[in-house]
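Trainee: sharing a model that was predicted from the sequence below.
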Amino acid sequence: MFAASQAVAMTLGLLGVFFIGLPLLVNAIGALIAAQVAAERQDNLEYERQHPSV
């Protein structure tokens, strides 16, 4: 009985890691990348506004 409950616990743990934990981590990294891209674009637009090309 103990082996079965331990197997279920390990299975649920693996499911939690691969179907909840990793997708959350990937989405968080994607959000950080998107925020960095948006900030860089704002900086570029501000630079272009202050330094018009000839």
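Mentor: Everything's here; your move.

Trainee: please make it C-alpha for all contacts and neighbour counts, starting now.
Mentor: Noted.

Trainee: what average pLDDT does the helix or strand encompassing residue 35 get?
Mentor: Element membership of residue 35 [criterion: DSSP states H and E] is helix 22-50. Across helix 22-50, pLDDT averages out at 97.

Trainee: and that helix, how far from the chain's centre?
Mentor: On the basis of Cα atoms, centre = their mean, to the nearest Å, helix 22-50 is displaced by 12 Å from the centre of the chain it belongs to.

Trainee: same deal with stretch 9-22?
Mentor: 18 Å.

Trainee: how long is that stretch end to end?
Mentor: In stretch 9-22, first residue to last residue: 18 Å (Cα to Cα, to the nearest Å).

Trainee: contacting residues around it?
Mentor: Residues outside stretch 9-22 that contact it (Cα atoms under 8 Å, 6 or more residues apart in numbering): none are found.

Trainee: list the buried residues in it.
Mentor: Buried residues in stretch 9-22, counted by 16 or more other Cα atoms under 10 Å: none are found.

Trainee: roughly how far does residue 9 sit from residue 50?
Mentor: Distance, residue 9 to residue 50, by Cα to Cα: 60 Å.
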